[in-house]
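S.K.: Here is my input; please provide its structure:
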Amino acid sequence: MSKSKKIVIKIGSNTLANENGTINKDFLKKLCAQVCHLIREGKQIVIVSSGARIAGVATIDKWMRKEDIHYKQALCAIGQVELMDAYRKAFWENHIHIAQMLLTRDDFFDRNRTLNIRNTLFTLVDEGVIPIINENDTVSVEEIKIGDNDTLAALTANLWNADVLILFSDVDGIYDKNPKIYQGASLIEEVADIDELLENITIGESNSFGTGGIATKIEAARKVNNYGIPMILTNGSKENILLKLLDGTEKATLFEAP
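M.R.: Below is the predicted model:
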């Protein structure tokens, strides 16, 4: 963390949401304060944020159980406005502007689009604006979806040539077994070989609000490690987690890049 200048932070729905599914404004306020501290330390930050659909449900208070793709996309369209407004207000307390970037899988595999993404990212960050990236759910159907924001964060980190990717989760990192079920689960603090890791741990299911579980986080680590970028998986709900990672006082799981 101390040596990293370009940092991508991915915030999942479970970290961002209250138990009733509304946006956790207190979490956002504290997150923004930490991000601003990192910026004052000379670091550049890009945020990949989930939460559009849950924000849509909380805003309109219906369609939560609708499985039709059109309703899901409608909820994301409604919620994206609320999500960005929450980020805008939280960051503006520290006099920092944000920018929204909505991307699809095709954007990362088309040379012209990729170049445009890179140019926009570099311009925003160089000008002190924080890009907040999410998948463009209103146009993404199953066949062309990235699928989860762990993968989106990894693709973004690779494209921007980040120094480190940080994934916020609701656990402290990778355990040998599910710590929510097994009391004696042990935290794995360093991972040098992902294939060996997969042979020695038990992977559970995805969580209630999010689309990705531990498996997608491990695959995100594989994607960035292949580009020489380390990844940290940590508990995003812990108080001042970014600052504690920075000074080395908080445990997490580090996926080391070869």
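S.K.: Average pLDDT for the strand or helix carrying residue 26, rounded please.
M.R.: Per DSSP states H and E, residue 26 falls inside helix 25-40. Per-residue pLDDT over helix 25-40 has a mean of 94.
S.K.: just how off-centre is it within its chain?
M.R.: Its chain's average C-alpha position is 15 Å from that of helix 25-40, according to C-alpha atoms, centre = their mean, to the nearest Å.
S.K.: So which elements touch the helix or strand following that helix?
M.R.: For helix 25-40, the succeeding helix or strand toward the C-terminus, using DSSP H and E, is strand 44-49. Applying 3 or more C-beta pairs under 8 Å, 6 or more residues apart in numbering; DSSP states H and E, one finds that strand 44-49 contacts strand 6-11, helix 25-40, helix 69-92, helix 111-126, strand 130-135, helix 149-160. Yep, even glycine has a C-beta here, placed from its N, CA and C like the rest.
S.K.: between strand 44-49 and helix 111-126, how big is the angle?
M.R.: Per axes from the mean of the first three to the mean of the last three C-alpha atoms, to 10 degrees, the angle that strand 44-49 makes with helix 111-126 is 120 degrees.
S.K.: Need the residues that contact the helix or strand hosting residue 55.
M.R.: If you go by DSSP H and E, residue 55 is part of helix 52-60. With C-beta atoms under 8 Å, 6 or more residues apart in numbering as the test, helix 52-60 has contacts from 13, 16-17, 20-23, 63-64, 72, 74-80, 82-83, 86, 134, 137, 209.
S.K.: now those residues: which count as buried?
M.R.: 13, 16-17, 21-23, 63, 72, 74-76, 78-80, 82-83, 86, 134, 137, 209 (16 or more other C-beta atoms under 10 Å).
S.K.: what's around residue 92, how many residues?
M.R.: Neighbourhood size, residue 92 [other C-beta atoms under 10 Å]: 12.
S.K.: now it: how far from residue 242?
M.R.: 19 Å (C-beta to C-beta, to the nearest Å).
S.K.: now residue 28
M.R.: 13 Å.
S.K.: Can you pick out the residue with more neighbours from the two?
M.R.: residue 242 (24 against 20).
S.K.: contact partners of the helix or strand harbouring that one?
M.R.: Here residue 242 sits within helix 241-247, counting by DSSP H and E. Contact partners of helix 241-247, identified using C-beta under 8 Å, 6+ apart, comprise 1-2, 9, 31, 34-35, 37-38, 41, 166, 168, 232, 234-235, 238, 250, 252.
S.K.: what's the helix or strand just after it in contact with?
M.R.: Counting by DSSP H and E, the next helix or strand C-terminal to helix 241-247 is strand 253-255. Residues from elsewhere that reach strand 253-255 (C-beta under 8 Å, 6+ apart): 172-174, 187-191, 194, 221, 224-225, 230-234.
S.K.: Just list what the helix holding residue 26 packs against, helices and strands only.
M.R.: Using 3+ C-beta pairs under 8 Å, 6+ apart: helix 25-40 touches strand 6-11, helix 13-16, strand 44-49, helix 69-92, helix 241-247.
S.K.: To residue 105, which of these lies closest?
M.R.: Checking the helices and strands packed on helix 25-40 against residue 105 by C-beta to C-beta gives strand 44-49 as the closest, at 14.2 Å.
S.K.: What pairs with that closest one, parallel or antiparallel?
M.R.: Using DSSP bridges, strand 44-49 pairs in its sheet with strand 6-11 (parallel), strand 130-135 (parallel).
S.K.: ranking the ones you listed by mean pLDDT, which is last?
M.R.: strand 130-135 (a mean of 94).
S.K.: for the strand or helix carrying residue 232, what is the average pLDDT?
M.R.: If you go by DSSP H and E, residue 232 is part of strand 231-235. On average, the pLDDT along strand 231-235 is 96.
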